[in-house]
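# After the sequence you'll find the predicted model.
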Amino acid sequence: MILHSIKWRLQAWHGFLLVCLVSGLMTGFYMFERREKLQAIDAELAEVMTPLLPRYAPPNSNGPGARGPGNRGPQRPPLREGDFPGPDDGPPLRDDPPAGLSEQRPPGAQPMGNRERSLAAISSGRFYFIAWAEGGERMAAATNAPANLNPPKQAQPNQGRILRTQGENRELIQFVPSGRIVLVGTSLTQTLAQLHKLALALVLIGSGIVIVGFAVGWWLASRALRPIAEISQTASEIAAGDLSRRINASETESELGQLAAVLNDTFERLQATFEQQRQFTSDAAHELRTPVSVILTQVQSTLNKERSGVEYRETLEACQRAAMRMKKLVEALLELARLDAGQTAGKREPMDLSQCVAECVALVRPLAEERKMQLQSDLSAAPCVGDADQFTLVITNLLTNAVHYNRDGGEVRISTRAEEGSAVVTVSDNGPGIAAEHLPRIFDRFYRADAARTSSQGRSGLGLAITKSIVESHGGTIEVTSEVGKGSCFKVCLPAA
Ligand code: ADP
């Protein structure tokens with residue numbers, strides 16, 4: 001569960017990066033500090049070494065205190081182990097204090113020279129030195145120098161100076177070509193303790209930063225992902241049956257806000273579709289109930305007592321009419337179901353719409369003549385591709401409606417033409433027209449502008465719904481314009497062949 005959670009995965013990456021970054025920075029800082037401290041110690045070691053060299057390891061020396069050509073001052077005796085050179089031993093090398101070796105003197109006292117500072121540093125016990133003669137025997141050493149330290153070996157010939165860390169000591173070793181060795185060292189205990197404290201402080205600070213960063217990341221991730229929890233909650237409620245629920249999409253600018261808006265839109269349409277479906281089922285049941293009731297009532301009342309042959313005949317004729325109505329209704333429902341399932345999409349053949357219309361006009365003409373209506377056609381070639389049987393159904397529906405809803409002696413016109421990549425059919429009449437409030441709904445299933453009157457005439461309100469489905473399944477459009485008292489005009493556009 002945790003492994004699949006986006007929040008936990010985000011947190012894991014965020015935490016990993018944070019730990020890497022913080023530990024990298026802290027380690028870098030620690031290493032820098034450690035290097036700085038060691039460099040300062042190394043500088044001090046070099047400074048302490050400087051005045052010792054002329055005494056214990058002058059270049060080309062053959063014996064203790066030997067001086068090379070150009071060496072200054074009189075020859076001095078070597079220091080014994082535990083002795084420190086006095087202030088007048090050897091010339092001062094520099095008077096300015098070197099980096100890392102601080103000068104401590106009372107106010108008003110003369111500044112110390114290098115030699116004095118070096119000796120003072122050794123006297124204070126912070127530094128020690130050991131000098132080895134050519135043969136490896138100790139010539140001199142400070143009292144605090146490690147007793148069992150053997151003369152170091154040169155790793156490479158002609159190696160002058162080496163720095164090394166021996167246990168907790170830092171040492172600078174000077175090899176002189178004559179074979180003498182001078183070592184200056186100091187204890188790193190204090191420095192290591194400081195570094196240890198620094199490491200501890202850095203670990204604490206780093207842990208603090210990681211914990212705070214993790215907490216802030218957790219808060220941010222929770223905040224950013226909260227809408228997802230809301231979306232999921234709402235979707236669950238909708239799945240449980242409450243189709244009216246919507247996601248509270250307050251932050252519409254954010255990505256999740258936009259997703260919530262899209263989902264709300266989808267839920268809206270889903271609800272509308274479910275509503276339509278529910279309405280359709282209830283309407284279909286209602287439409288079928290009427291003829292079934294008629295049949296049952298007729299049969300029941302006829303069977304109540306003995307009837308004459310004429311009466312039986314009348315009952316059977318009423319039942320036949322009701323059954324015919326049911327048949328028409330069931331056929332219309334089946335047609336709609338087939339259209340909804342897309343089962344009629346396969347049949348596509350090139351045809352001229354004007355020929356199809358001419359056949360339909362011939363079919364409907366007797367109906368129009370019965371009501372003394374003018375049925376006028378103006379047919380031009382209108383090539384298109386589609387199912388001729390379905391187009392016949394479309395045109396017959398429009399023509400029978402134009403005749404059915406028109407007044408006696410009215411006029412119906414039908415025309416076909418090719419127009420900008422379309423085959424167009426228009427069916428117009430000068431009947432009572434359709435009121436504006438009904439116009440948007442007349443293509444809905446079972447919708448009748450005057451339901452009370454039309455249902456008694458066997459009109460189910462499915463004709464235009466089927467017409468629209470067929471036209472749209474062919475990639476066409478159907479639209480209606482109507483004016484109450486003046487008539488209606490239906491225009492169908494189908495893609496040209
Ligand atoms: P019905 O089987 O009831 O005719 P339709 O789907 O064909 O169902 O039509 C839906 C409604 O549209 C009808 O009930 C009617 O009120 C209206 N209608 C359709 N065609 C016309 C027309 N030519 N003139 C006036 N009203 C029409």
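Received, thanks.
# Please enumerate the helices of the stretch 351-497 of the chain.
Along the stretch 351-497 of the chain, counting by DSSP state H, counting those that start in this stretch, helices occupy 353-370, 388-404, 451-456, 463-473.
# Equivalent analysis for the stretch 1-150 of the chain, please.
So, for the stretch 1-150 of the chain - with DSSP H, counting those that start in this stretch - the helices run 6-56, 114-123.
# need the contact list for the residue in the stretch 201-350 of the chain that the ligand sits nearest to.
Using CB to the nearest ligand atom, residue 332 is the residue of the stretch 201-350 of the chain that sits closest to the ligand, at 8.4 Å. For the C-beta atoms, the positions are set from N, CA and C on the backbone; glycine is no exception. Under the criterion of CB atoms under 8 Å, 6 or more residues apart in numbering, the neighbours of residue 332 are 460, 462-463, 466.
# Tell me the one of the residues you listed nearest the ligand?
Using CB to the nearest ligand atom, those come closest to the ligand at residue 463, 2.7 Å.
# Hmm, the closest one is touching residue 404, no?
No - Residue 463 is beyond contact range of residue 404, at 9.5 Å (criterion: CB atoms under 8 Å).
# Who has more neighbours out of these two?
residue 463 (21 against 15; other CB atoms under 10 Å).
# Run a quick neighbour tally on the nearest residue to the more buried one once chain neighbours are set aside.
Counting by CB to CB, 6 or more residues apart in numbering, residue 397 is the residue found nearest to residue 463 once chain neighbours are left out, at 4.5 Å. Residue 397 has 21 neighbouring residues, counting by other CB under 10 Å.
# Can you tell me which of the helices of the stretch 1-150 of the chain has the worst average pLDDT?
Between those, the lowest average pLDDT goes to helix 114-123, which shows a mean of 72.
# between it and helix 6-56, how many degrees?
Helix 114-123 runs at 110 degrees relative to helix 6-56, counting by axes from the mean of the first three to the mean of the last three CA atoms, to 10 degrees.
# Take the helices of the stretch 1-150 of the chain and lay them out in JSON lines including distance to residue 357.
Shown next, in JSON lines, are these (distance: least, CB to CB, whole Å):
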{"stretch": "helix 6-56", "distance to residue 357": "60"}
{"stretch": "helix 114-123", "distance to residue 357": "118"}
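# In contact with residue 151, which residues?
Shown in contact with residue 151 (CB under 8 Å, 6+ apart): 132, 136, 181.
# Any idea what the nearest residue to it once chain neighbours are set aside is bridged to?
The shortest distance from residue 151 to any non-neighbouring residue, by CB to CB, 6+ apart, is to residue 132 (4.2 Å). In this entry, residue 132 is beta-bridged to residue 138, residue 181, by DSSP bridges.
# circling back to that earlier point, and the least confident of the contacts of residue 151?
residue 136 (85).
# Could you measure from that one over to residue 340?
Residue 136 is 107 Å from residue 340, where distance means CB to CB, to the nearest Å.
# I'd guessed the residue nearest to residue 151 sits against residue 181; true?
Yes - counting by CB under 8 Å, residue 132 does reach residue 181; the two are 4.4 Å apart.
# How about the contacts made by the closest residue to residue 415 other than its chain neighbours?
Excluding the flanking residues, the one nearest residue 415 by CB to CB, 6+ apart is residue 378, at 4.1 Å. With contacts defined as CB under 8 Å, 6+ apart, residue 378 is in contact with 413-416.
# before we move on, what about residue 445?
Shown in contact with residue 445 (CB under 8 Å, 6+ apart): 276, 279-280, 283, 336, 461-462, 465.
# follow-up on the earlier one: could you point out which of the helices of the stretch 1-150 of the chain sits nearest the ligand?
Using CB to the nearest ligand atom, the nearest of the helices of the stretch 1-150 of the chain to the ligand is helix 6-56, at 50.1 Å.
# Which neighbouring elements make contact with the closest one?
helix 114-123, strand 127-132, strand 169-175, strand 181-187, helix 189-239 (3 or more CB pairs under 8 Å, 6 or more residues apart in numbering; DSSP states H and E).
# Quick one: mean pLDDT for the third one?
Per-residue confidence for strand 169-175 averages out to 92 on the pLDDT scale.
# ok so, going back, I'd like the helices and strands packed on helix 6-56 as TSV, with mean neighbour count and distance to the ligand appended.
TSV is the format used below for these (neighbours: other CB atoms under 10 Å; distance: least, CB to the nearest ligand atom, whole Å):
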stretch	mean neighbour count	distance to the ligand
helix 114-123	22	111
strand 127-132	25	110
strand 169-175	22	102
strand 181-187	23	105
helix 189-239	14	32
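# Redo these as CSV? Include distance to residue 300.
Below are the helices and strands packed on helix 6-56 laid out as CSV (distance: least, CB to CB, whole Å):
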stretch, distance to residue 300
helix 114-123, 129
strand 127-132, 127
strand 169-175, 119
strand 181-187, 120
helix 189-239, 46
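# weakest of the ones you listed in terms of mean pLDDT?
When I compare these, helix 114-123 is least confident, with a mean of 72.
# pull the CA atoms of that helix into PDB?
Extracted C-alpha coordinates of helix 114-123, given in PDB (Å, rounded to 0.1, in the frame of the first residue of the first chain):
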ATOM      1  CA  ASN A 114      60.900  33.200  14.700                       C
ATOM      2  CA  ARG A 115      63.500  31.300  16.700                       C
ATOM      3  CA  GLU A 116      62.100  32.600  20.000                       C
ATOM      4  CA  ARG A 117      58.600  31.800  19.000                       C
ATOM      5  CA  SER A 118      59.600  28.300  17.900                       C
ATOM      6  CA  LEU A 119      61.400  27.700  21.200                       C
ATOM      7  CA  ALA A 120      58.500  29.200  23.200                       C
ATOM      8  CA  ALA A 121      56.200  26.800  21.400                       C
ATOM      9  CA  ILE A 122      58.300  23.800  22.200                       C
ATOM     10  CA  SER A 123      58.800  25.000  25.800                       C
END
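# quick one: that helix to strand 181-187, angle?
60 degrees.
# Packing partners of helix 114-123?
By 3+ CB pairs under 8 Å, 6+ apart, helix 114-123 packs against helix 6-56, strand 127-132.
# Widest-spaced pair of the contacts of residue 378?
Pairwise distances across those (CB to CB) peak at 11.5 Å, for the pair 413 and 416.
# Compare these two and say which is more crowded by neighbours.
residue 416 (25 against 17).
# show me the contacts for the more buried one.
By CB under 8 Å, 6+ apart, the residues touching residue 416 are 353-354, 357, 378-382, 423-425.
# how does it look with 6 Å?
353-354, 357, 379-380, 382, 425 (CB atoms under 6 Å, 6 or more residues apart in numbering).
# For this structure, give me the ranges with low pLDDT.
Within the chain, the ranges that satisfy pLDDT under 70 run 1-3, 59-115, 157-159, 249-253, 343-346, 451-458.
# Kindly provide the distance from residue 417 to the ligand.
Per CB to the nearest ligand atom, to the nearest Å, residue 417 is found 20 Å from the ligand.
# Now for that residue, how many residues are close by?
So residue 417, with other CB under 10 Å, has 16 neighbours.
# Same question for residue 442.
When neighbours are counted by other CB under 10 Å, residue 442 comes out with 20.
# Next one: the closest residue to it other than its chain neighbours from residue 410, what distance?
Counting by CB to CB, 6+ apart, residue 464 is the residue found nearest to residue 442 once chain neighbours are left out, at 5.5 Å. Separation of residue 464 from residue 410 (CB to CB) stands at 19 Å.
# Those residues of the stretch 301-450 of the chain touching the ligand, which are they?
Residues of the stretch 301-450 of the chain found near the ligand (CB under 6 Å from any ligand atom) are 397, 401-402, 405, 429, 431, 434, 442, 447-450.
# would CSV of these with distance to residue 368 be doable?
Formatted as CSV, those follow (distance: CB to CB, whole Å):
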residue, distance to residue 368
397, 15
401, 12
402, 9
405, 13
429, 10
431, 12
434, 20
442, 21
447, 25
448, 22
449, 21
450, 21
